[in-house]
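1. got a predicted structure here, sequence first:
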Amino acid sequence: MKLWQSAMIGLARSKSITGLMQGNRLMRGLAKRFVGGDNSSAAVRRSSELSAQATTSLYYLGEYVESPAAIEENVAHLVAAIEQLGQSNLDVHISIDPTQIGYAHSDALGEANALRLGKLIAAQPASGRRRLAMLDMEDFSVVQKTLDLRARMAQAGYPTGITIQAYLHRSAEDLRGLIKDAAVAIRLVKGAFAESRDHAWTSRTDINREFLSGAAVLLSAEAKTHGVYPIFATHDDEMIWAIIELAQQNQRTQEEYEFEMLFGVREPLQHRLIAEGYRLRDYLPFGTDWWPYTVRRIGENPANARFVLNALRGNRSHTPRK
């Protein structure tokens, strides 16, 4: 599995393959099913369409960007989305990859752009919705930088959540520290990077154990006392029902936590959770640089590869599973 993930990450970062796939008409048809649109206006419209059932977390497609011009373009798209959302009453998070806003170029540029975005988000009228910059967690080389950035943004008074990858050995301690620091929101994921055994659990059994252990911490009385809002990002049925049981054991209501899934993925399960009254947030990417995002989904589950093949054959009748 590690070799498969590494191969898919290599494909995601290949400029030549990205250009080939993004120029393929049939592949663009697949992208429309899982991407909210080419620009912020389209993504906000899609968020509005989804709002009757699910909230969203908007993510502008583009990561590991080193060019200052490309970084500024990424930030401009995020600024446009934030400003448009400020004119709505939608409950939408803005998901931010540190490497898309400057950290692949320099820490100083990345922090400056993050503070710029955080300030803009904080300035938008609340109107009963949750205003939040949600920092995505990337590979191990930027984990500590991302944690430090969240602390810096919180210190500045900007509403900032953070993603924690359960499979990292350090995550249990990171969770405890974030709870003590009263992090406004923590999104727990299993982890999708091909990290070494020195840094991460690699077996499915170990990763599931750590994910549920982290979930128990996020649903604890201590986390509630510190005002931490838990977000569980998974498509795994067993994990979801186990989390619901943990929440009930900790006397948590359905309004005190939420699940997050990728837009277009496991739609029947999403509909079931919504029907049973659970909060659901769709991770909704937008932009034209969609191939790296798509191939990362394949890396997380080899079974998803068949959907790319179906798209190339003009058959888009299936929904991928994670």
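-> Alright, I've got the coordinates.

2. the stretch 201-322 of the chain: helices as residue ranges?
-> Assigned by DSSP state H, counting those that start in this stretch, the helices in the stretch 201-322 of the chain fall at 204-218, 221-225, 237-249, 267-275, 291-300, 305-312.

3. out of the ones you listed, which gets nearest to A104?
-> With C-beta to C-beta as the measure, helix 291-300 is the member of the helices of the stretch 201-322 of the chain nearest A104 (13.2 Å). C-beta here means a position set from N, CA and C on the backbone, and glycine is covered the same way.

4. average model confidence for that closest one?
-> The average pLDDT within helix 291-300 is 69.

5. what's the answer for stretch 56-68, then?
-> For stretch 56-68, the mean pLDDT works out to 91.

6. any buried residues in that stretch, and which?
-> With burial defined by 16 or more other C-beta atoms under 10 Å, the residues of stretch 56-68 counted as buried are T56, S57, L58, Y59, Y60, L61, G62, E63, Y64, V65.

7. okay, how far is it across it, tip to tip?
-> Length of stretch 56-68, first residue to last, C-alpha to C-alpha, to the nearest Å: 28 Å.

8. ditto for stretch 211-224
-> Separation of the first and last residues of stretch 211-224 by C-alpha to C-alpha is 18 Å.

9. which residues does it contact?
-> Residues external to stretch 211-224 that are found in contact with it (C-beta atoms under 8 Å, 6 or more residues apart in numbering): 164, 166-167, 171-172, 175-176, 179, 186, 188, 190, 228, 230, 232, 234, 239, 242-243, 246-247, 250, 252, 256-257.

10. make it 7 Å
-> The contact list for stretch 211-224, computed with C-beta atoms under 7 Å, 6 or more residues apart in numbering, reads 164, 166, 171-172, 175, 179, 186, 188, 190, 228, 230, 232, 239, 242-243, 246-247, 250, 252, 257.

11. any idea of the mean pLDDT in it?
-> 98.

12. buried residues in it?
-> Neighbour-count burial for stretch 211-224 flags F211, L212, G214, A215, A216, V217, L218, L219, S220, A223, K224 (criterion: 16+ other C-beta under 10 Å).

13. ok, which stretches of this protein are strands?
-> Taking DSSP state E as the criterion, the chain carries its strands at 55-60, 92-96, 132-135, 160-165, 185-189, 229-233, 258-262, 280-286.

14. by contact count, what packs against the longest one?
-> Applying 3 or more C-beta pairs under 7 Å, 6 or more residues apart in numbering; DSSP states H and E, one finds that strand 280-286 contacts helix 40-50, strand 55-60, strand 258-262, helix 267-275.

15. can you list the buried residues in it?
-> Within strand 280-286, the residues scored as buried using 16+ other C-beta under 10 Å are L280, R281, D282, Y283, L284, P285, F286.

16. now that strand - C-alpha only, PDB.
-> Taking Å, rounded to 0.1, in the frame of the first residue of the first chain, the C-alpha atoms of strand 280-286 are listed here in PDB:
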ATOM      1  CA  LEU A 280     -22.300  16.400   7.600                       C
ATOM      2  CA  ARG A 281     -19.800  18.700   5.800                       C
ATOM      3  CA  ASP A 282     -18.700  18.100   2.200                       C
ATOM      4  CA  TYR A 283     -15.100  18.800   1.400                       C
ATOM      5  CA  LEU A 284     -15.600  20.700  -1.800                       C
ATOM      6  CA  PRO A 285     -12.600  21.500  -4.000                       C
ATOM      7  CA  PHE A 286     -12.700  24.000  -6.800                       C
END
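
17. now the angle from that strand to helix 267-275?
-> On the basis of axes from the mean of the first three to the mean of the last three C-alpha atoms, to 10 degrees, strand 280-286 is oriented at 130 degrees to helix 267-275.

18. partners of strand 280-286, with directions?
-> Strand 280-286 pairs in its sheet with strand 55-60 (parallel), strand 258-262 (parallel), by DSSP bridges.

19. can you tell me what sits against the first one?
-> Applying C-beta under 7 Å, 6+ apart, the set of residues contacting strand 55-60 from outside is 43, 47, 50, 74, 77-78, 81, 91-95, 134, 260, 281-287.
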